[in-house]
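> no FASTA, just this:
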């Protein structure tokens, strides 16, 4: 088909690469940059395991073409940790504190959606949070501890 050279910011670093115009963002992030937090699940945008932020908004990267990130900023779970300190991001820590992880396959995608949600500064009810993560499939947790972690984050954001 064809290739296109794109330049974008990935986890705070500018990147330039040539991509097949048919390549998904999931493929680019995993195969070219080795970012394994971006999971390959359903590959049709149904499970949320590949969720990343593009210019601050959560997208399923399996149905987002790599060429579309040209000139944009992409954030994955790998970009959340403080490079100097290595500390977990507060959202990651809330997931640990609330035991919101089991096998971990869905966790990075849900965390990226949480980054978008918490970043809005809005207050959400548990039901609103449940709806906000409804695009993520989790086979292990039953979602309750995930919702507990999200509620904790919303409370902390509101109280700070």
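Looks like it arrived, so ask away. This is a predicted model, so every value here is computed, not measured. Numbers count the residues shown, from 1 in each chain.
> For this structure, which segments are assigned as strands?
Using DSSP state E, the strands found in the chain span residues 3-10, 13-20, 51-54, 57-60, 73-75.
> Just give the number of residues close to the closest residue to residue 129 other than its chain neighbours.
With sequence-adjacent residues excluded and distances taken as CB to CB, 6 or more residues apart in numbering, residue 129 is closest to residue 150, at 4.7 Å. All C-beta spots, glycine's among them, are computed from the backbone N, C-alpha and C. Using other CB atoms under 10 Å, the number of residues around residue 150 comes to 28.
> was I right about residue 150 contacting residue 116?
No: with contacts counted by CB atoms under 8 Å, residue 150 stays clear of residue 116, the gap being 11.7 Å.
> Leaving out chain neighbours, which residue sits closest to the residue nearest the centre of the chain?
In the chain, the centroid-proximal residue (CA atoms, centre = their mean) is residue 112; its distance is 2.8 Å. The shortest distance from residue 112 to any non-neighbouring residue, by CB to CB, 6+ apart, is to residue 51 (4.6 Å).
> does the one you found have beta-bridge partners, and which?
Residue 51 forms beta bridges with residue 60, as assigned by DSSP bridges.
> So which residues of the protein form helices?
25-27, 90-97, 107-119, 126-132, 144-159 (DSSP state H).
> what's the pLDDT at the residue nearest to residue 113 when sequence neighbours are not counted?
Distance criterion CB to CB, 6+ apart; nearest residue to residue 113, sequence neighbours excluded, is residue 58 at 4.7 Å. pLDDT recorded at residue 58 is 97.
> Residue 1 now?
For residue 1, the model assigns a pLDDT of 69.
> what do you get for the one 3 residues further on?
The confidence metric pLDDT takes the value 98 at residue 4.
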